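>>> have a look; sequence and predicted model below, questions after that.
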Amino acid sequence: MHAATVKTLAPLARAALGLALVFAPMVVAAMENPHVAPRAQAPAVERLLAQLAAKPPLPVRKELVWSGADIDGDGAPDFANPTGAAPRGHDEFGDGNFGARRDGGSRDHEGVDYVAVAGQAVKAPISGYVTKIGYAYAGYSDLKFVEITNPALGYVARAFYVTPGVEVGETVRLGQIIGHDQSLQKHYPGITDHVHLEVMQPGGERVNATALIVRKLVTEA
Ligand SMILES: [Zn+2]
């Protein structure tokens, strides 16, 4: 019995040793020569390993993407992140979240600040048409906002600190570029540049945009 087992195993062991002797120098050569891709040098090793691994599950890529709420239930998002970046955290000028303290607590922050790079494209946070292009601060003509109204949903959104690329009356679709981010450094030196987004629900009350624009984990096969 013992002898028979040895006889049966011996050819396999010899084959394995043979493979190791044949391929090991190729692998070592590939590792030692940075100018030659290992893939090009040892395709047979890769094939062998792939067979031995008996087809493990394919690696899946998981990615966090900004996803807008589907408020009317038609299966499509109705809101979009205007900059593609996260809301502004804390800096020496305050916090970027909805309801954050402003002016020493005398008023609340009525929007959400989405971090931006000055000059970057700003996307329409809702579909609709441009109902207003205004000045962010009375007395300053450089910082502007774009207001979009969606009559079907009853929502209104204002994106602040945007050089408009659209005109009043123009129809815009969700995610369309409506302009470019304006630097705030002249007004607030050191502040995190951002797009201040205000969302008004039907009836006009301002709501927290982070409840409507969330990060979702997407899996790609
Ligand atoms: Zn703000």
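That came through, no problem.

>>> helices along the protein, start to end?
Secondary structure of the chain, counting by DSSP state H: helices at 2-32, 38-41, 43-52.

>>> average pLDDT across the second one?
Per-residue pLDDT over helix 38-41 has a mean of 54.

>>> worst average pLDDT in the helices of the chain?
The stretch with the lowest average pLDDT out of the helices of the chain is helix 2-32, scoring a mean of 48.

>>> pick out the residue nearest the middle of the protein.
Nearest to the mean C-alpha position of the chain, by CA atoms, centre = their mean, lies Val65 at 4.4 Å.

>>> surely that one meets Ile213?
No: between Val65 and Ile213 there is no contact under CB atoms under 8 Å: 10.9 Å. The C-beta positions use only the backbone N, C-alpha and C, and glycine is treated the same way.

>>> still on that earlier bit, got a pLDDT number for the residue nearest to the centre of the chain?
Reading off the confidence values, Val65 has pLDDT 94.

>>> which residue packs closest to the residue of the chain found nearest the ion, ignoring adjacent ones?
Using CB to the ion, the closest approach of the chain to the ion is made by His196 at 3.3 Å. Nearest residue to His196 in three dimensions, chain neighbours excluded: Phe160, at 3.9 Å (CB to CB, 6 or more residues apart in numbering).

>>> and that neighbour, how many residues sit next to it?
Residues near Phe160, counting by other CB atoms under 10 Å, number 25.

>>> can you check the one 10 residues further on too?
Number of residues near Glu170 (other CB under 10 Å) recorded here: 14.

>>> contact partners for the residue nearest to His196?
Neighbouring residues of Phe160 by CB atoms under 8 Å, 6 or more residues apart in numbering: Gly111, Ala136, Leu143, Lys144, Phe145, Val195, His196, Leu197, Glu198.

>>> was I right about the last one contacting His109?
No: under the criterion of CB under 8 Å, Glu198 lies out of contact with His109, with a separation of 9.7 Å.

>>> can you pull the contacts of Val122?
Neighbours of Val122 in contact, by CB under 8 Å, 6+ apart: Pro82, Thr83, Ala116, Ala159, Val162, Ile177, Ile178, Gly179, His180, Asp181, Val195.

>>> care to break the protein down by domain?
For the chain, the structural domains run 2-52, 62-220, going by automatic domain parsing.

>>> please identify the most buried of the ones you listed.
Greatest average neighbour count among these goes to domain 62-220 (a mean of 17), per mean count of other CB atoms under 10 Å.

>>> what's the pLDDT at the residue nearest to Trp66 when sequence neighbours are not counted?
Of all residues not flanking Trp66 in the chain, Asn81 sits nearest, at 4.0 Å (CB to CB, 6+ apart). pLDDT for Asn81: 98.

>>> please apply the same query to Met1.
Looking at Met1, its pLDDT is 42.

>>> same check on Glu167?
Note for Glu167: predicted pLDDT of 98.

>>> residues in a beta bridge with the nearest residue to it once chain neighbours are set aside, which ones?
Of all residues not flanking Glu167 in the chain, Val130 sits nearest, at 6.5 Å (CB to CB, 6+ apart). Legend: beta-bridge partners of Val130 under DSSP bridges are Ile148.

>>> same question for the one 5 residues further on.
Here Tyr135 shows beta-bridge partners Lys144, assigned using DSSP bridges.

>>> what's the answer for Gly68, then?
Applying DSSP bridges, one finds that Gly68 bridges with Ile213.
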